[in-house]
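Student: quick one, fold the following:
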Amino acid sequence: MRFRGQEYTGKGQTIAIIDSGVDVNDPRLKGHDIQGMSITMTATQHVMVAGDYADENGHGTEIAAAIHAMAPMARLICIRIMDSRLRTSADLMASGIELATRSGAKVINLSLGTPNMGKALLLRDCCALAVEQGAIVVAAAHPKGERAYPADLPETIGVASHQDCPLGKFYYFAPHRFPARQWGSLTGKFLAHGYTLQPDGTRGAYRGSGIATAYLSARAACLQEALPGEGPLEVTEILRQTALTPVPEIGYA
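Tutor: Below is the predicted model of the structure:
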């Protein structure tokens, strides 16, 4: 990623991917520094941590590949909380955020969310703790603009997507320019293209806000490399300043 006239690769940064695991043998991730674990919840609501983080769905591997494409030197920690059908729970999301924080991640990527308002406070506590420890939490917004946590929490960077966004472009819906009464839950969120990338750099299949979140997570890691003295709030503000302002013609109305 280019910033202030220099190229950055996420070197020295750790990104946690809370998802369905990762296939370390995927050719797009060959030679990359990847570690991982899986967490499950017992019937007594105790969290169990295991060393197996193999991807049984492919979703987490796509997220890892998207992050690697923009931040190839970043260290990845893959925390599996989903099963083969991408089912999980807000409690596992919260546990994943806490585990990522304890593992030293400075960017925490969640390409998922929950509409359950009853779990919003739990997730907010975990996200606030992560920010206090110097991490940036990046989460996918609901694909239809409906309520989703942790993307709608003030401690996180929420990311939406639209098919008309050009490759490599990021937009920000500033609340003072896009009031909630007109733009709903998009207010205060970033917008990106959400396409997978082909080996030649052209766009592949459209994967929505999940992939868009991965790109923004990688960008955050590169900014942290470029600005080692800045905290998560300062880096988030720089992300907002460097993003473009969307216009109604992009497809939202």
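Student: from what I can see Thr9 touches Leu223, true?
Tutor: No: between Thr9 and Leu223 no contact is recorded; they are 11.9 Å apart, counting by C-beta atoms under 8 Å. (C-beta placed from N, C-alpha, C; glycine too.)
Student: which of those two has more residues huddled nearby?
Tutor: Here Thr9 and Leu223 are compared on neighbour count by other C-beta atoms under 10 Å; more neighbours surround Leu223, at 23 against 16.
Student: can you pull the contacts of the more buried one?
Tutor: Met1, Phe3, Tyr8, Val235, Ile238, Leu239 (C-beta atoms under 8 Å, 6 or more residues apart in numbering).
Student: name the residue closest to the centre of this structure, please.
Tutor: Residue closest to the average C-alpha location in the chain (C-alpha atoms, centre = their mean): Asn109, at 3.1 Å.
Student: where does the closest residue to that one other than its chain neighbours land in three-state SS?
Tutor: Once flanking residues are discounted, Asn109 sits nearest to Ser217: 4.1 Å by C-beta to C-beta, 6 or more residues apart in numbering. Under the three-state scheme (DSSP: H, G, I helix; E, B strand; the rest coil), Ser217 adopts helix.
Student: can you tell me how far Ser217 sits from His176?
Tutor: 25 Å (C-beta to C-beta, to the nearest Å).
Student: the more surrounded of those two?
Tutor: Using other C-beta under 10 Å as the criterion, Ser217 and His176 rank with Ser217 on top: 31 against 7.
Student: need the residues touching each of Thr9 and Leu223.
Tutor: By C-beta under 8 Å, 6+ apart, the residues touching both Thr9 and Leu223 are Met1.
Student: just checking, Thr196 touches Gly210?
Tutor: No: if you go by C-beta under 8 Å, Thr196 and Gly210 don't touch, sitting 10.3 Å apart.
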